[in-house]
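> Okay, sequence plus prediction incoming.
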Amino acid sequence: MWWVLALAHATPLTGLQTGDVLFQESRSAQASAIRAATGSRYTHVAVVIDDGWVLEAVQPVKRTAVDAWVARGVDGHFVAHRPVIPLSSDEQARLRDVGATYIGRDYDAAFSWDDGKLYCSELVYKLFLEATGREIGERQPVRSFAIDGLHEALQARGIDLDTQVVAPESQRLDRDLRPLE
């Protein structure tokens, strides 16, 4: 069973800890394209970085209060996943420290894999890799997604179909994470 909190129960949110990965259905302009390409309702991802705070890649990458993050999603719905192997206190500290280095970077609407700009699931992937050595989600080429009907939008953003990306759904299904119940 998924751990789901309704917005009415979201203030204060309890039980979340540093390193938990949160997924929601975003209201952003690109959410419908991500949903179509991945077949998942979950189009945005963030990481709990401190008690009551997530780190997320929006414009710009920033810390956001968890309850504000939840409220931005469709119907206040989200699911939380936790690493199967618990993060040590050193890994949690590194997650916070590494996360701080990403704050202020621009959002990457072209979904490139450089560190100058970041999109949400790229932030989660790189944050975990650098702080813990763990890869959360699988990188795959844009062309491997269900992109029929999205070619014009991809071209307008300058997205090459061979670009390797990691999708929120790939992270949600990662075997190194488990849903909180």
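Here it is on my side, so go on.

> Give me the distance between the nearest residue to Leu177 once chain neighbours are set aside and Val58.
Distances taken as Cβ to Cβ, 6 or more residues apart in numbering place His81 nearest to Leu177, at 3.9 Å, with adjacent residues excluded. For every residue, glycine as well, the C-beta is placed using N, CA and C. Remark: distance between His81 and Val58 (Cβ to Cβ, to the nearest Å) = 20 Å.

> out of these two, which sits in the busier spot?
His81 (23 against 18; other Cβ atoms under 10 Å).

> And the helices in the chain?
In the chain, the helices defined using DSSP state H lie at 31-38, 66-72, 89-102, 120-132, 151-156, 168-172.

> Can you flag the weakest of the ones you listed by average pLDDT?
Of all the helices of the chain, helix 151-156 carries the lowest average pLDDT, namely a mean of 91.

> residue ranges with poor pLDDT in this structure?
1-13 (pLDDT under 70).

> pretty sure Pro141 is touching Ile159, no?
No. Using Cβ atoms under 8 Å, Pro141 is not in contact with Ile159, being 10.7 Å away.

> buried ones in stretch 110-120?
For stretch 110-120, burial by neighbour count (16 or more other Cβ atoms under 10 Å) applies to 111-112, 117-120.

> scratch that, stretch 119-136 is what I was asking about
119-128, 130-132, 134, 136.

> middle-most residue in the chain, spatially?
In the chain, the residue lying closest to the centroid (Cα atoms, centre = their mean) is Val45, at 2.3 Å.

> returning to what we had before: turn the buried residues of stretch 110-120 into TSV, including distance to Ala29.
Shown next, in TSV, are these (distance: Cβ to Cβ, whole Å):
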residue	distance to Ala29
Phe111	14
Ser112	19
Lys117	17
Leu118	18
Tyr119	14
Cys120	14
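
> Inside strands: which ones of the residues you listed?
117-118 (DSSP state E).

> biggest separation within the buried residues of stretch 110-120, which pair?
Ser112 and Cys120 (13.9 Å; Cβ to Cβ).

> picking that back up, for the residue nearest to Leu177, which residues are in contact?
20-23, 172, 177-180 (Cβ atoms under 8 Å, 6 or more residues apart in numbering).

> again, only using 6 Å
For His81, the contacting residues are 21, 177, 179, by Cβ atoms under 6 Å, 6 or more residues apart in numbering.

> now do Arg134
128, 176.

> Likewise for Arg94?
By Cβ under 6 Å, 6+ apart, the contact set of Arg94 is Ala131.

> please renumber so the chain begins at 828
In the new count, where the first residue is 828, that last one comes out as Arg921.
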